[in-house]
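Chemist: using only what follows, build the 3D model:
(one chain, ligands or ions: 1)
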Amino acid sequence: MDNIEGLNYNYSDKLAVKDIVFTPEKGVKLKDGLFKKVFDNNVEFLKTLSLDSMLFWFKRRAGKPAAGEPYRGHFEDNIKGQTAGMYLMGAGNALRWYSDDQLQSTVEMIVDCIEECSEPDGYIMAVPKRTFPTKEYPHYVRIWLNYGLIAAGLSGNSKAYGILRKWQDWFNNCGELPIIKYLELAFQGIVASTSVYTTPVGVWSDIEIARKYYEEDWRLAQFIAKEKDAVHIRKQPGYEPHAHGTELESFEGYLDLYRVTGNYYYLNAVMGAYELYKRDWQHPGGGIVMCEFLDAYPGCYWISPKKPYNELCCTSFWMHLNQRLHRLYPDEEEYVSEIEKSIYNIAIANQDGSKGIRYFAHLEQQKPKSGNITCCCGVGTRIYGSLPEYLYSVSPDSLYVNIYAASEINWQREKEMVTVTTETDMPYDNSVRISLSLCAPQEFAIKLRVPSWISEKIEIKINGDMMVEGIPGTYHTLKRLWKDGDTIEFKLPMSFRYKKYTGAEQINGFSRYSFGYGPLLYAVKGDLNYNQSIYLKCKPENVSNWALPLEKPLSYAIKGNDGYEFVPYFEISNDTFTCFPLFEKI
Ligand SMILES: [Zn+2]
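Modeler: Model (predicted):
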């Protein structure tokens, strides 16, 4: 736990539109609590993966002896080499905050193998060059290798950035560029290039190539105009890339292009897409309904598991789009609120202990079985390994406390370090105590997020007495000369909310409602009826009366409905449940 160096300010010089705050790259430590448990589960999950299987196709392509067997199924048969990228994303990010010899040495072995199997011109893929301009190789697989090498570089691996630069140079000059934007889900590839640009080894041609070969001007114009059908219908020549909620990842790339160039059409398209997704495609709890292949349309809000929706990939891209918006507009509480509910209700909800990671966050009947090498495992392990970075953000003069979890940040300021410790057992207990440790008094602002899910003003105590009021949905600024031992204390009162379901999966004779408590989506756990759902003999608006606290924190019995429990959705494992219980039709 000796990662106390500073935070990355370097990339600012490369941006036409500067980030106002920065995401910590190091220096945040999780303490006992839900987030640490999720982080630790992820480390255990990574240790179940087979090094031989991950490296099999890299060695085979390079003509070297490959031990063991490759992973089988779509994700390594059609997307070879993705699992090595996935491991680097999970482990490299985790190692930014925490030391672990086994993870560290496995990261080294993977990076070494990728280098030993690479071609002299920098090509590193696990498939022959002829296969590169097919399927998802230039996009999905390239993103994962790039993200993996960036994470390995951030964790201190000395070779990763060099390999990344050579590889990106190969891509920027390869003869396959004219076709790549017509391949499977090609829109995702733009972020593989823009994300390299903001690393220490990024160069301007990374941006030029991304703009020239990935940018879909007609698509951006659709989102600028906020066309109602833009999200689920694409009308490019040919079939690919097909409509998919993973197009959110392209908006991460387009927002990067706004930051890099300052051209407003990128920002306007991103904000148009953002508005459409929030208006027509977001489930209670934050999940993204738009997925692929089936008959999705604005406002369909699928519930039953036979429909694909709430894919963890889409939530991951939604989170990272919101994270970029937060860096640009840090005083807008909305962006962190989106990240927070995505973490609790989709990311944590999809972690199956240390066994695996679920693909969809289905909101009724039963959660799906988890996997170990799917796309959603990749984005999941990256989120869990990066959890500390979502809690705080910093600028030279301000520390933003975004999401409250037991943790400590070592904030390296120009002159000296400030250590800020957050003590809380959120979401199980809503008290928060923040304390400061610094050698000599320093002036700066602490910006406390007062979440929008709180229904009234909160009282914030400084050093036990001085009281100020925090308004929900804002950041409360405490600017002063801070000294060693100063404390800030407050509570984040949580209460139940309910919302009528308006989507396509209505059941005759009933009304359906979902429930939230603080940032948490709630589920009714118990046997399903003939509708494959659960009927409650009570009224949704009386939730505060019929939810009777049980001994276990956050768990409730339901008055007049024996055999059912009301619990956070993220805690559901194998039980049958619904997040949209049925009530008598009003
Ligand atoms: Zn996925």
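Chemist: all contacts plus neighbour counts: C-alpha atoms, from now on.
Modeler: OK.
Chemist: tell me which helix or strand of the chain sits lowest on mean pLDDT?
Modeler: strand 466-470 (a mean of 91; mean pLDDT, DSSP states H and E).
Chemist: partner strands of that strand, with direction?
Modeler: As defined by DSSP bridges, the strand partners of strand 466-470 come to strand 458-462 (antiparallel).
Chemist: just the mean pLDDT for the partner strand, thanks.
Modeler: Averaged across strand 458-462, the pLDDT comes to 97.
Chemist: can you give the distance of that strand from its chain's centre?
Modeler: Offset of strand 458-462 from its chain centre (Cα atoms, centre = their mean, to the nearest Å): 30 Å.
Chemist: so what touches it?
Modeler: By Cα atoms under 8 Å, 6 or more residues apart in numbering, the surrounding residues in contact with strand 458-462 are 450, 467-472, 486-492.
Chemist: below-threshold pLDDT in the stretch 1-150 of the chain: ranges please.
Modeler: 1-10 (pLDDT under 70).
Chemist: quick one: the strands in it?
Modeler: Taking DSSP state E, counting those that start in this stretch as the test, the strands found in the stretch 1-150 of the chain are 28-30.
Chemist: check which residues of the least confident helix or strand of the chain are buried.
Modeler: By 16 or more other Cα atoms under 10 Å, the buried positions in strand 466-470 come out as Gly470.
Chemist: what of stretch 429-436?
Modeler: Neighbour-count burial for stretch 429-436, with 16+ other Cα under 10 Å as criterion, is recorded at 431-436.
Chemist: include distance to the ion when you put these into JSON lines, please.
Modeler: As requested, the buried residues of stretch 429-436 are exported to JSON lines (distance: Cα to the ion, whole Å):
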{"residue": "Ser431", "distance to the ion": "35"}
{"residue": "Val432", "distance to the ion": "34"}
{"residue": "Arg433", "distance to the ion": "37"}
{"residue": "Ile434", "distance to the ion": "36"}
{"residue": "Ser435", "distance to the ion": "39"}
{"residue": "Leu436", "distance to the ion": "40"}
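Chemist: go through these and flag which are in strands.
Modeler: 431-436 (DSSP state E).
Chemist: any idea which of those residues is the one closest to Ile224?
Modeler: Val432 (41.1 Å; Cα to Cα).
Chemist: list the contacts for the residue nearest to that closest one when sequence neighbours are not counted?
Modeler: Distance criterion Cα to Cα, 6 or more residues apart in numbering; nearest residue to Val432, sequence neighbours excluded, is Thr424 at 4.9 Å. When contacts are counted by Cα under 8 Å, 6+ apart, Thr424 touches 404-406, 430-433.
Chemist: sorry, back to before: tell me the strands beside whichever helix or strand comes after the least confident helix or strand of the chain, with direction?
Modeler: Per DSSP states H and E, the first helix or strand lying C-terminal to strand 466-470 is strand 474-482. Using DSSP bridges, the strands paired with strand 474-482 are strand 442-450 (antiparallel).
Chemist: and the strand it pairs with, how far from the chain's centre?
Modeler: A distance of 25 Å separates the centroid of the chain from that of strand 442-450, by Cα atoms, centre = their mean.
Chemist: what do you get for stretch 460-478?
Modeler: With Cα atoms, centre = their mean, you get 29 Å for stretch 460-478.
Chemist: in the stretch 151-300 of the chain, which residue sits nearest the ion?
Modeler: Thr246 (8.3 Å; Cα to the ion).
Chemist: likewise the chain?
Modeler: Closest point on the chain to the ion, by Cα to the ion, is Cys376, at 3.7 Å.
Chemist: isn't that residue up against Thr315?
Modeler: No - using Cα atoms under 8 Å as the test, Cys376 is too far from Thr315 to be in contact (9.7 Å).
Chemist: between these two, tell me which one has more neighbours.
Modeler: The neighbour comparison of Cys376 against Thr315 (other Cα atoms under 10 Å) goes to Thr315, with 29 against 25.
Chemist: the strands in the stretch 301-450 of the chain, which residues?
Modeler: Using DSSP E, counting those that start in this stretch, strands in the stretch 301-450 of the chain cover 351-352, 356-357, 364-365, 392-394, 398-401, 407-412, 417-425, 429-437, 442-450.
Chemist: just those strands: most buried one?
Modeler: Mean neighbours per residue, mean count of other Cα atoms under 10 Å, is largest over the strands of the stretch 301-450 of the chain for strand 356-357, with a mean of 27.
Chemist: how is the chain divided into domains?
Modeler: 3-279+312-357+370-390, 413-491, 496-584 (automatic domain parsing).
Chemist: among the contacts of strand 458-462, which pair sits farthest apart?
Modeler: Checked with Cα to Cα, the contacts of strand 458-462 reach their widest spread between Pro472 and Asp486, with 23.7 Å between them.
Chemist: higher neighbour count, those two?
Modeler: Pro472 (19 against 15).
Chemist: pretty sure the more buried one sits against Leu492.
Modeler: No - contact status for Pro472 versus Leu492: not in contact, 9.8 Å apart, counting by Cα under 8 Å.
Chemist: tell me the pLDDT of Pro493.
Modeler: 97.
Chemist: which stretches of the chain have low pLDDT?
Modeler: Judged by pLDDT under 70, the stretches of the chain that qualify are 1-10.
Chemist: quick one: name the residues of it near the ion.
Modeler: Contact residues (Cα under 5 Å from the ion) of the chain with the ion: 313, 375-376.
Chemist: quick one: contacts for the residue most central in space within the chain?
Modeler: Against the mean C-alpha coordinate of the chain, by Cα atoms, centre = their mean, the closest residue is Ser316 at 3.4 Å. Residues near Ser316 by Cα under 8 Å, 6+ apart: 342, 347, 379-380, 383.
Chemist: filter the residues you listed down to the buried ones, ChimeraX style.
Modeler: With 16+ other Cα under 10 Å as the criterion, this ChimeraX line picks the buried residues out of those:
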select :342,347,379,380,383
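Chemist: quick check, nearest of the contacts of Ser316 to Asp527?
Modeler: Of all those, Asp527 sits closest to Ala347, with 25.1 Å by Cα to Cα.
Chemist: what about the closest one, distance to Arg96?
Modeler: 20 Å (Cα to Cα, to the nearest Å).
Chemist: again, but for Arg165
Modeler: Distance from Arg165 to Arg96, by Cα to Cα: 21 Å.
Chemist: of these two, give the one with the bigger neighbour count.
Modeler: Taking other Cα under 10 Å, Arg165 and Arg96 do not tie; Arg96 has more neighbours (27 against 22).
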